[in-house]
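**Q** Coordinates for the following, if possible.
(one chain, ligands or ions: 1)
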Amino acid sequence: MNTVQKRKMKTIGIIGAGAGGLCALRQVLSEEQFTPLIWEQADEVGGTWIYTPDIEKDEYGYPIHSSMYKNLLTNLPKEVMAFPDFPFKEGEKSFIHHTEVLQYLKDYADHFKLIPWIKFRHRIELVEPVDPNNRYTKWRITVKNLKDGSSSVSEYDAVIVCNGHYFEPRYPDIDDLELFKGKKLHSHSYRIPDDYHGTKTVVLGASASGLDIALELAKVAEKVYLSHNHPFPFPSKLPPNVFQVKGVKGAKENGFELKDDTFIEADAIIYCTGYEYVFPFLSSSCNITVEDNQVKTLYKHMINSAFPTMSFIGIPFQICPFPLFDVQAQYIVQLIEGNIQMPLHDDVVKEMEQSSIPKKHYHKLGIFGKQQMYLEDLQREMKVGHLPQFYHQIPKIVILRLFFSLMDFKKFNYSTKEINDGEIQIEER
Ligand code: FAD
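**A** Numbers count the residues shown, from 1 in each chain. Have a look, this model is predicted:
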């Protein structure tokens, strides 16, 4: 380990005003010596929570960023979604509509007076190290003003990348897919169930989106095939017209061959197969690559170990996003201030290469222990207190309920008011 010398960093550029960028800005502003700026391509804060019925291009011809669907309720209770220093408004329900999350993020931005530091309708086009031979380089950032089409270039001492990870669809490998004549869609572009009335629809993938969309379609479709490769069937009771089947192997004109060599007739397929990490604006000289869902080479899932003046918020998945973003943002601020020790690049590379975790799961933390260990490790290093226990306990209860009672798990409400030494009172509606 070598100690990062105290540097007088002045300017910090932040890419994106979703939850990650907003809390990065809030933490950066808490240190007076920094001058931050966020560039945001949209015209408001909120990122993926800004619902739009559009599914292809925005008014400037860029791909739609948001993956929200019209009826989406959160899959985590608001009590553990909240940033630790800014609770959601009181309200009976724990699982809330996406519009309430967007409003929460707008309230957060207002409360911490973040808006004046954000340039809306500004899209980052290129980020390059000013001096690739200096590990603590500044960054040259090319920005397009979408309103007048002009581009400008400026230099920043540090850059925090918060561009989100739920907008570039990952597509499955299906033999002869072009033969299938029905409707094909990635969950990124799913908005409403109306097109699926009376259909036989395959929902491919049984993670958060797949399960949720299958339940929504079951209300209108004739049959929903929940197709997945899990070694065992999803244990919960499902609506009577939802059938669990094996993963899809190949396509025919009127349906799909499954991995157990059976065939199902179908009118439509929705790929709930996840998303890719992409950073289209990073030049190759930034030294960041993505290999089989692993972003290389990141120290503690967030710091570019080749150039520690570049960091990323929100890479880990299967987490409680906002609280994790908040701790990551604090850590990044501490690092930029020079209060955190940064190991050598080669040591971080070696550690990633020697990890026994498969690349595609490298950034998966999960709420059964690993997220807590990760956060507490960061907090110990920063010498700050840990999150209240309920941030770790409630998600475990939620996930067990989801597994065994998928159709009902959002009917429970969680109260943190009565918590005493980690004790949680759970209300049932
Ligand atoms: P985003 O919200 O995607 O924000 C990224 C921002 O960067 C966007 O505003 C985008 O416009 C901007 N940007 C990107 N590229 C550029 C560029 N080149 N130039 C300028 N700006 C750029 N989390 C929960 O806690 N609970 C839930 O119930 C939940 N449900 C979800 C359901 C769905 C369908 C999805 C997709 C996600 C869900 N999440 C949920 C996870 C959610 O993604 C995170 O909570 C969080 O909002 C992610 O914030 P972010 O800032 O990382 O990314």
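
**Q** How about Glu155: what's its closest non-neighbour residue?
**A** Lys138 (5.0 Å; C-beta to C-beta, 6 or more residues apart in numbering). For every residue, glycine as well, the C-beta is placed using N, CA and C.

**Q** mind listing what that neighbour touches?
**A** Listed by C-beta atoms under 8 Å, 6 or more residues apart in numbering, the contact set of Lys138 reads 129-131, 155-157, 309.

**Q** Would you convert those residues into a markdown table that also reports distance to Asp176, neighbour count and secondary structure?
**A** A markdown table is the format used below for the contacts of Lys138 (distance: C-beta to C-beta, whole Å; neighbours: other C-beta atoms under 10 Å; DSSP: H, G, I helix; E, B strand; the rest coil):
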| residue | distance to Asp176 | neighbour count | secondary structure |
| --- | --- | --- | --- |
| Pro129 | 45 | 23 | strand |
| Val130 | 49 | 14 | coil |
| Asp131 | 51 | 11 | coil |
| Glu155 | 51 | 12 | strand |
| Tyr156 | 49 | 22 | strand |
| Asp157 | 52 | 20 | coil |
| Thr309 | 48 | 25 | coil |
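
**Q** Between those, which sits nearest the ligand?
**A** Tyr156 (14.1 Å; C-beta to the nearest ligand atom).

**Q** Can you verify my assumption that the closest one contacts Ile15?
**A** No. Contact criterion C-beta atoms under 8 Å: Tyr156 and Ile15 do not qualify, at 10.4 Å.

**Q** Are we agreed that Gly373 is in a strand?
**A** Slight slip there: residue 373 is Met, not Gly. No. Read with DSSP: H, G, I helix; E, B strand; the rest coil, Met373 is helix and lies in no strand.

**Q** Compute the first-to-last residue distance for stretch 303-313.
**A** Using C-alpha to C-alpha, to the nearest Å, the end-to-end distance of stretch 303-313 comes to 9 Å.

**Q** scratch that, stretch 148-163 is what I was asking about
**A** First-to-last residue span, stretch 148-163, C-alpha to C-alpha: 22 Å.

**Q** any idea how far that stretch is from the chain center?
**A** Its chain's C-alpha centre and that of stretch 148-163 lie 22 Å apart, by C-alpha atoms, centre = their mean, to the nearest Å.

**Q** ok, it near the ligand or not?
**A** Yes. Using C-beta under 6 Å from any ligand atom, stretch 148-163 reaches the ligand at 162-163.

**Q** Would you mind checking the average pLDDT for that stretch?
**A** Over the span of stretch 148-163, the pLDDT mean works out to 97.

**Q** Which positions in it come out as buried?
**A** 156-163 (16 or more other C-beta atoms under 10 Å).

**Q** After the top helix by length along the chain, which helix or strand is next? Please name it.
**A** With secondary structure taken from DSSP state H, the chain has its longest helix at helix 321-337. Next helix or strand after helix 321-337 toward the C-terminus (DSSP states H and E): strand 341-342.

**Q** near the ligand at all, stretch 29-44?
**A** Yes. Using C-beta under 6 Å from any ligand atom, stretch 29-44 comes into contact with the ligand via 39-42.

**Q** how about the strands in the stretch 101-250 of the chain?
**A** In the stretch 101-250 of the chain, the strands defined using DSSP state E, counting those that start in this stretch lie at 118-120, 122-129, 139-145, 151-156, 158-161, 183-186, 200-204, 223-227, 242-245, 248-252.

**Q** Check those strands for me and report the most buried one.
**A** Most buried of those, by mean neighbour count (mean count of other C-beta atoms under 10 Å): strand 158-161, with a mean of 27.

**Q** Which strands and helices lie in contact with that strand?
**A** Judged by 3 or more C-beta pairs under 8 Å, 6 or more residues apart in numbering; DSSP states H and E, the packing partners of strand 158-161 are strand 11-15, helix 19-29, strand 139-145, strand 310-312, helix 321-337.

**Q** Strand 11-15 and the second one, what's the angle between them?
**A** In other words, helix 19-29. 170 degrees (axes from the mean of the first three to the mean of the last three C-alpha atoms, to 10 degrees).

**Q** The next helix-or-strand element following helix 19-29 - what's its average pLDDT?
**A** Using DSSP H and E, the helix or strand that follows helix 19-29 in sequence is strand 35-40. Average pLDDT, strand 35-40: 96.

**Q** now swap in stretch 51-69 and tell me
**A** The model assigns stretch 51-69 a mean pLDDT of 96.
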